[in-house]
Structures are given as structure tokens and as C-alpha cells.
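Peer 1: I'd like to go over a predicted model; first the sequence, then the structure.
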Number of protein chains: 4
Amino acid sequence: MNDLAALQTALFQFRDERNWKQFHTLKNLIASVSIEAAELLELTQWKTDDEMQAAKNDPAYRQALQEECADVLMYLLLVADEAGFDLLEAAAAKLKKNEQKYPVGLAYGSAKKYTKLAED
Amino acid sequence: MNDLAALQTALFQFRDERNWKQFHTLKNLIASVSIEAAELLELTQWKTDDEMQAAKNDPAYRQALQEECADVLMYLLLVADEAGFDLLEAAAAKLKKNEQKYPVGLAYGSAKKYTKLAED
Amino acid sequence: MNDLAALQTALFQFRDERNWKQFHTLKNLIASVSIEAAELLELTQWKTDDEMQAAKNDPAYRQALQEECADVLMYLLLVADEAGFDLLEAAAAKLKKNEQKYPVGLAYGSAKKYTKLAED
Amino acid sequence: MNDLAALQTALFQFRDERNWKQFHTLKNLIASVSIEAAELLELTQWKTDDEMQAAKNDPAYRQALQEECADVLMYLLLVADEAGFDLLEAAAAKLKKNEQKYPVGLAYGSAKKYTKLAED
């Protein structure tokens, strides 16, 4: 599988073969994004940054990381489909917006939120 | 922008021009996925499924939906980059695994978790 | 156990007998609040409001609801302890603030965020 | 305010004076727990454990921490009320269960999940 469109096609087919669209209200799908994001977060629970570095080279841990990220991505694609927009276009547009919100000159090396950037 | 690879390239450039990789530990990035997922969830707060249907046709609401989904996707890409895997391959592999966990015959029209499917 | 102070005492003893304070950085505890909150959210996944009404009378489901709420509360208490504030006082103060932000006259019967209340 | 019961009474009165119970389905309240938990999580975004230690002594930051914890607690109380159980009793029962799941002898100084404890 070499592109997002192919993944989408396979994902929608997976959903439709199981007749699952009936459960996929926009509200339910969005809740599922948060649920899966938290399963990803759980993989970091009690770990230091150093332990995370070590863990990411552990095959079982990598597998878990990949699967949880995959679940979040798939729900995002289902949300976008249900809401009727293209996820990739949305991300490209948001990245352009972020480039404006975080001008290199102000944001370089700073972890501040854009609302705080101009304060210095 | 017509593919995920182009988005990734633009995103990593955005990060590097601002010298932000120093903040992007795997643990921090994964927390950011959850934070953005919850901002998406907040868009559904107090809304019924019917109100969500109406809202998704409201331009300002659609814009907000798109931006929050975009933020989640961008953090997923940063997580995958930091952990050293390909997000699209991870999703394709997970979808295949889900096809095994949820055989059409058992899962058709059912919202049950795979661990409960065989109980009936 | 008839008060929050008794629960706190038992909880801190539980933690200390296991020598777990070493893992309980403020950042880790706060992440755990989100992780447990999402386990609670998972109990609502794919359920309609009507199905939730029915489920809350199912003993196993009630038990699960209670346990997930309990986990969130216990992490909140640990966060407050680590940060050095009283959770109950914090909540009483925030409720007072909410009373100001949402005056009865404006907020009656409205699900709007306080930032939108005055617009009408 | 010196006990959780008094907070509950004030909270339910706050809700009822604004006629908000109509929005407080169990599903919506539970989603709100996650939304507020993520606002708490956002306070840790990009911060190291050391920066968190410093931040907790900053008055504005402490205030924010307290308010977000307060919001989570208040939604938990509303969830428990809507589902018809006592939050404090639920927590006391769960703590007892955790004492069984994490025997001191096995769990001392270990951050492992109870399902992994016996493996060593």
C-alpha cells in the first residue's frame, strides 16, 4: 500500500463489509479518536524520556506503538469521510496556517503557544 | 499537496526551521496527540447526533473540525518519525490485523469488541 | 469511609507501602488522569444515549463505570497532593468562579460556552 | 466548604438553577471528563519534569492546575449523580481492589501493570 487513498479505500471497504457505518456517527467516531489516542498515551505511562528511547527499540513495544498510531489514523480518516472533507487537504491547510501563527523569527527554539509568542 | 509524503516533508521542514525537534520527545509528542484529540472531542460537547449533522454543514464548524483533525494527524506523523516507523505501513498492517480480529461473518452489524464477538 | 480525607489517607498509604511515589511525577500523574478518563470514555463507545440509560442498570456495567470514575478521582487526589493543593478547596473555588462566568440570567437553559453567552 | 457532600450540593444547585440537566446525559458528562482531563494534560505540554516542578510554584500556573483538576472532579460528581452511585464509596471500593491486585510484596517499587507483576 503506497498511498493514503489506497488505505482509505481498504478501510471503507472493511467498514462496509461489516455494515458498521450505522455506528459511525460523527460524534462516536470523534470519541473513538480520543479513546485510541489515550491507548497510545498509556504506552508512555510511568516511563521517562530515556525509557521511551529504549522502549522504541523493543520489537513488542514498537509494534504496540505502531498499532495505536494506526488506530488513531484510521478513525481520523473515518471522521473526515463522515464529515465530508479530505484529511490530507485539511492538514496541508492547517500547516500553512501554523506557518503564519508561528513565524520562524519569533518561534525559533521556543515552545511557547502562538498566543504568548509576541509577549517577549 | 497530493500525498502524505509531501505533507510529511513540509511538516518536518516546518519543525526544523523553528528548531523544535528538541521539544519533540516521543513522550511529549504522544501526549500532544491526546491533547489535540480532546480539542476535537470538545467540538462535540453537549451536541446530539442530530446537532452534529447540522453543525458539519456550518462553515466555521467544518473549519474547526478540519483543523483539529489536521493537528492530530500532524502529531501522529511526528510520533512515527520520532519512533522511526512509517505511519501508512503501520495503518495498512493494523487494518489487515483487524480483518482477522473481526471476521465478516461474526462482526457483521455488531458493535461488539473482538474479545466479545465469539461469545454469542 | 465517609469522607474524602479518609480516602486520601488510605490512598497515600497504599502508594507509600508500595514505594510508588518515585514514579509519581506531576507530569506522569496528570497523564494518568487522561488515561483513566479515556477508559471511562471507552465505556460509552458506540452506545447511544438510550443504550447508556439501559447499561447503567446492568450490574457489570455499573461496576465498570464506578471503577473508572474511581481511578480518575484517585489520580486527581495524587495530582493535588504532588502539586500541594487541596482538591476540595480548588473545586469549591472553581465552582464560585463558574457561578460568575455563567450568570443564571444568561446561562439558563443554554449549553453555550461562557465566551459565547453574551453574544445573544 | 469542608466536605465532598457540601460541594456536591452546591454543584447540583448550580446545575439546576441553570436548567442544565437536560444536556447532562451520561454520555455527554463522561466525554466532558475526558475533555477537562486533556485541558489538564495541556498544562504539561512540552514541559520536562523539572520544569513542572518549577511551574507548580508559579501562582498563575498553580491556579490553572487547580482549576483544571476542579473541572475534572466536578464532572466526575455529575457522572456519579447521573449514574446513581456514590463517588466516594466507588473510590474506596476500587482502592480495596487495587490493594488485592497489587500486593505489597510483588508491587513494591515496581511500575508494572498488575497483569505483568507475576511474570518475574
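Peer 2: Thanks, I have the structure now.
Peer 1: so which helix or strand takes in the nearest residue to residue A:81 once chain neighbours are set aside?
Peer 2: Among residues not flanking residue A:81 along the chain, residue A:12 sits closest, at 6.7 Å (Cβ to Cβ, 6 or more residues apart in numbering or on different chains). Every residue, glycine included, has its C-beta placed from N, CA and C. Per DSSP states H and E, residue A:12 falls inside helix A:4-17.
Peer 1: show me what that helix is packed against.
Peer 2: Helices and strands touching helix A:4-17, by 3 or more Cβ pairs under 8 Å, 6 or more residues apart in numbering or on different chains; DSSP states H and E, are helix A:59-83, helix B:87-101.
Peer 1: and the helix or strand of chain A with the lowest mean pLDDT, what does it pack onto?
Peer 2: The helix or strand of chain A with the poorest confidence is helix A:114-117; it has a mean of 82 (mean pLDDT, DSSP states H and E). Helix A:114-117 is packed against helix A:104-107, with contacts defined by 3+ Cβ pairs under 8 Å, 6+ apart.
Peer 1: is chain B within reach of the helix it packs on?
Peer 2: Yes. For helix A:104-107, a contact with chain B is found by Cβ under 8 Å from any Cβ of the partner chain, at A:104, A:107.
Peer 1: rewinding a little: show me how far the least confident helix or strand of chain A is from its chain's centre.
Peer 2: Centroid displacement of helix A:114-117 relative to its chain, using Cα atoms, centre = their mean, to the nearest Å, is 23 Å.
Peer 1: now swap in stretch A:49-66 and tell me
Peer 2: Distance of stretch A:49-66 from the chain centroid (Cα atoms, centre = their mean) equals 18 Å.
Peer 1: avg pLDDT for it?
Peer 2: Mean pLDDT, stretch A:49-66: 95.
Peer 1: that stretch: which residues count as buried?
Peer 2: Neighbour-count burial for stretch A:49-66, with 16 or more other Cβ atoms under 10 Å in any protein chain shown as criterion, is recorded at A:52, A:55-56, A:61-62, A:64-66.
Peer 1: so residue A:102 sits against residue A:113, correct?
Peer 2: No. If you go by Cβ atoms under 8 Å, residue A:102 and residue A:113 don't touch, sitting 9.4 Å apart.
Peer 1: neighbour count: those two, which is higher?
Peer 2: residue A:102 (20 against 12; other Cβ atoms under 10 Å in any protein chain shown).
Peer 1: for residue A:47, see how far away residue A:63 is.
Peer 2: 16 Å (Cβ to Cβ, to the nearest Å).
Peer 1: I should have written residue A:68 there, sorry.
Peer 2: Going from residue A:68 to residue A:47 by Cβ to Cβ gives 14 Å.
Peer 1: likewise for residue A:41?
Peer 2: To residue A:47, residue A:41 is 11 Å away according to Cβ to Cβ.
Peer 1: for residue A:78, what are its contacts?
Peer 2: Residues in contact with residue A:78 (Cβ atoms under 8 Å, 6 or more residues apart in numbering or on different chains) are A:11, A:15, A:24, A:29, A:32.
Peer 1: and chain B, which of the buried residues of stretch A:49-66 reach it?
Peer 2: Counting by Cβ under 8 Å from any Cβ, the members of the buried residues of stretch A:49-66 near chain B are A:52, A:56, A:62, A:65-66.
Peer 1: now flag whichever of the residues you listed is closest to chain B.
Peer 2: Proximity of those to chain B was ranked by Cβ to the nearest Cβ; the top entry is residue A:66 with 3.8 Å.
Peer 1: can you give me the neighbour number for the nearest residue to the closest one once chain neighbours are set aside?
Peer 2: Leaving out its chain neighbours, the residue that sits closest to residue A:66 by Cβ to Cβ, 6+ apart is residue B:90, at 3.8 Å. Around residue B:90 there are 23 other residues, counting by other Cβ under 10 Å.
Peer 1: before we move on, what about the one 4 residues further on?
Peer 2: For residue B:94, the tally of surrounding residues (other Cβ under 10 Å) stands at 20.
Peer 1: so it makes contact with residue A:74?
Peer 2: Yes. In this structure residue B:94 lies within contact range of residue A:74 using Cβ under 8 Å: 7.2 Å.
Peer 1: residue A:82 contacts residue A:26, doesn't it?
Peer 2: Yes. Using Cβ under 8 Å, residue A:82 makes contact with residue A:26 at a distance of 4.9 Å.
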